[in-house]
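# Sharing a sequence plus its predicted fold:
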Amino acid sequence: MPDFGDVYRPCRCGSGKKYKFCCLPRDRDGARSLAARVSAVPEGDMLRADEEKALGQRCLNAGDGAGAKRHFRNAIRLVPALPHFHNNLALAHYLDGEIEEALATVEKVDREVAPGNVFALGSLVHYAMVLGRDDAARAAGERLARGPAMDEDQAYKKCEGLARLGRHAEVLEAAKAGMGTARANRPSLAFFAGTACANLARYDEALAWLRQARGDEGKGERAERYERRLAKKQGPGTFDGGWPYLELQEWAPAGLLKRMQTGESSKQVPGLVYGLCDALEAGHHQEQTLQLLGLIGTPAALDVLRRIADGTWGTADLRTAALAALQRAGALPKDGPLKIWTGETWTEIETTSHRIEPGCAERAPEALMDRARAAMVALKEGRWEEAERQFRELAERAPRHAPFRHNRAVALEALGRDEEAFALLRALADEQPAYLMAHATLATMYLDRDRLEEAREAFRRIRLPNPCEPDWYSAYLMAAGRVALDDGKFDAAVRSFENLARFDDRPGMRRLAEDFAAEARERGRGDLSDRRAHERERSRLLSRDAGLEECFAGRTRVDLGGIALRCGVDLTRSTTKPRMIAAIARDWPARAPRIAEGLTDRSKRALAALLAAGGVAEFVAFTKAHEAAGPETPDGPGVMQELMAEGMVACGIVDGKASVVVPRELREGLALAVRL
């Protein structure tokens, strides 16, 4: 007879009665019935069944699913009353990718063999979720939460099943209940308890539990990672702000993930979205995860991709990859720009697919083709005067054929006649705004002369035609990369130049693109540490009512030094960071309102809106509402950049979401200062 624990505890069914006077009699009857059925089995059959189970386990460990299933079926034929033989068979089906069969097997255990069996219910939650049968998973989860765990293995399985459903309070309760008699699983149960506390924002408790999980074979590494982040008051680094309990392989075996590289296989496991979300930690499994989400293609999977593409979590490359996955799935608007967070501001990007098609542009008049070819040869060979003369004469004969005028401008620039080249290209861009090459060449010519604003304006006027000539697309990528490089947007520059090097196989163009990409990477290293510091700051855990010391704890010494200067605080190089924060926090509430009066009007409006919302707003919503994007982007710092530099706001994780917070001590004074 199993140990039923403290029979005077509240019954887990939620009746409010003591367990002894509620569900204990039923549980005892079930245990007696199982014991009676097992005792009726001849001893020889039981021994042979145990041998078959051991052989099946050996096959499972060796990756032999067919052999494992054969041995577990033999064990079931010998002793059909023992649920663990059935549960092991279900696991073999699952590891072989036969999830329907796995689910049917554990449903049979719960229906006929051992109703309420913890292992069957926990597996039922798992398999039903992977197959997208959320109602069945939730129903099994309700029964799992109410039922007792008789030993530490059952406690582990119960925690695992409830963790899949995100039932954090019940995970904590089950883990604590199982810790009483646990030995081998004690560190694992401590991990479940600590992770549940972290998800419930009970961070001190989480740290205490996670310390007990150190060294656990399965969970120890993740427990130590969570412990380090919590000790630094950092969030989990996941896109949805949760602290995952499970690794991706605990949702889907490697064989299943490999088979999911095709769309049809992926669509058979729609609920694997839950596991893929758990896997989306900063820097972990990202490329594979986005690919699988796109292949699954369910509304839930596409919603995750949209939240990544439309949010601020991760890198700009990750958000671009999410957009690409959505585009492959046909889940993006057909036309028009979308806004994407670059790491500093929201930028409009075009999402229309463009077909690259040689010869799609308007051809020169047939009567002028021979002269046009001769002029192009002169241009490519660097015979600039001859090329300029020939293209000028051709343009006089066919004034509406834009390439003649464009190529003449290229020759004029090579001859040092810059103003004539600029005038010709500007006129061409105004008369034929759809002609991409005029804008792209203007942009690169302006950049060569350090005229960045004019280069930006020329580039903003580019609209990729569809279909597009290969040379035009190359010119577009080169202009995009160079504008981004001179604008200090090094990641975007690297992406453009790498795309150009892959796309354009001309040796000279490829070398040029690779050289520019190397320059962008080198220049980008200079601000990498600053960006990482800001990312760490944005991942800090903050309360909704965070004060100055809590808000400023994540700022760099350089940032704090700038705020201290505005505050009139005298600091030395030896002043420790805690003392810097304390000194600023003492004087900043009186100084900040006067500093706020000098903010730009749009920063004042943004700050006023934030204060009207109680001093806290989600980062995505706030920046989308108040940061400019696209052609209307003004000169000068963005709203977030200005508010952060002036010490008016902090960024961090509030209630599991990336947020913007006005320090508590500043709210009243700033509300008066920014009243417009």
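Done, it's in. Residues are numbered from 1 along each chain as shown.
# how about the residue positioned nearest the centre of the chain, phi and psi?
By CA atoms, centre = their mean, the chain has its centre lying nearest to Phe239, at 4.5 Å. Phi and psi for Phe239, reported as degrees, to the nearest 10, are phi -70, psi -30.
# Tell me the pLDDT of it.
Looking at Phe239, its pLDDT reads 83.
# Look up how far Arg228 lies from the closest residue to it other than its chain neighbours.
Using CB to CB, 6 or more residues apart in numbering and skipping the chain neighbours, the partner closest in space to Phe239 is Trp313 (4.3 Å). Every residue, glycine included, has its C-beta placed from N, CA and C. Distance, Trp313 to Arg228, using CB to CB, to the nearest Å: 20 Å.
# More neighbours: the two, which one.
Trp313 (21 against 11; other CB atoms under 10 Å).
# distance of that one from Phe516?
Distance from Trp313 to Phe516, by CB to CB: 29 Å.
# Likewise for Ala492?
Ala492 is 12 Å from Phe516, by CB to CB.
# Overlap of the contact sets of those two?
Gly481 (CB atoms under 8 Å, 6 or more residues apart in numbering).
# This structure: strands as residue ranges?
Secondary structure of the chain by DSSP state E: the strands cover 337-341, 346-350, 616-618, 650-654, 657-661.
# between those strands, which gets the lowest average pLDDT?
strand 346-350 (a mean of 74).
# what angle do it and strand 337-341 make?
140 degrees (axes from the mean of the first three to the mean of the last three CA atoms, to 10 degrees).
# Identify each buried residue in strand 346-350, please.
By 16 or more other CB atoms under 10 Å, the buried positions in strand 346-350 come out as 346-348.
# go on, stretch 641-654?
642-644, 646-654.
# now stretch 446-454
Going by neighbour count (16+ other CB under 10 Å), the buried part of stretch 446-454 is 446-447, 451, 454.
# and which of the residues you listed is nearest Ala163?
Closest approach between the buried residues of stretch 446-454 and Ala163, by CB to CB: Leu447, at 53.6 Å.
# roughly how far apart are the nearest residue to the closest one once chain neighbours are set aside and Leu512?
Excluding its sequence neighbours, the residue lying closest to Leu447 (CB to CB, 6+ apart) is Ala455, at 4.7 Å. With the distance defined as CB to CB, Ala455 ends up 17 Å from Leu512.
# Look at these two and report which has more neighbours.
Applying other CB under 10 Å to Ala455 and Leu512 shows that Ala455 carries more neighbours, namely 23 against 16.
# which ones are touching the more buried one?
For Ala455, counting by CB under 8 Å, 6+ apart, the contacting residues are 442-444, 446-447, 482-483, 486.
# By neighbour count, which of those residues wins?
Going by other CB under 10 Å, Ala443 tops the contacts of Ala455 with 29 neighbours.
# any idea how far Leu89 is from that one?
66 Å.
# quick revisit: the residue nearest to Phe239 against Gly656, yeah?
No. Taking contacts as CB atoms under 8 Å, Trp313 lies outside contact range of Gly656: 11.9 Å.
# Tell me which residues are up against stretch 229-242.
166, 198-199, 203, 206-207, 210, 226, 243-244, 277-278, 280-282, 304, 307-308, 311, 313-314, 536, 539-541, 553-554, 652-653, 656-658.
# Ok, stretch 374-389 next?
390-391, 394, 407-408, 410-412, 414-415.
# now do 10 Å
Residues from elsewhere that reach stretch 374-389 (CB atoms under 10 Å, 6 or more residues apart in numbering): 364, 368, 390-394, 403-404, 407-417, 420-421.
# Report the contact partners of Trp251.
126, 129-130, 164, 244, 257, 269, 271-279.
# of these, closest to Gly63?
For these, the nearest to Gly63 is Leu257 (14.2 Å; CB to CB).
# Check the closest one and give its pLDDT.
Leu257 is assigned 75 on the pLDDT scale.
# Ile296 is in contact with that one, correct?
No. Counting by CB atoms under 10 Å, Leu257 does not reach Ile296; the two are 11.9 Å apart.
# For burial, what's the neighbour tally of the closest residue to Gly161 other than its chain neighbours?
Spatial nearest neighbour of Gly161, chain neighbours left out: Gly122 (3.5 Å); criterion: CB to CB, 6+ apart. Using other CB under 10 Å, Gly122 has 26 other residues around it.
# hang on, Gly122 packs against Ala140?
Yes. Gly122 is within contact range of Ala140, at 8.2 Å (criterion: CB under 10 Å).
# shared neighbours, these two?
Counting by CB under 10 Å, 6+ apart, the residues touching both Gly122 and Ala140 are 106, 161.
# where does this protein have its least confident helix or strand?
helix 24-39 (a mean of 62; mean pLDDT, DSSP states H and E).
# Show me just the buried residues among the contacts of stretch 229-242.
198-199, 206-207, 210, 226, 243-244, 277-278, 280-281, 304, 308, 311, 313-314, 539-541, 553-554, 652-653, 656-658.
# and these, which of them are in helices?
198-199, 206-207, 210, 226, 277-278, 304, 308 (DSSP state H).
# Provide a list of residues in contact with Thr576.
Thr576 touches 557, 582, counting by CB under 10 Å, 6+ apart.
# What are the phi and psi values at Gln268?
Here Gln268 shows phi and psi, under degrees, to the nearest 10, equal to phi -80, psi -10.
# about what we covered before: ok, of the buried residues of strand 346-350, which one's closest to Gly16?
Closest to Gly16, out of all of those and judged by CB to CB, is Trp346, at 52.1 Å.
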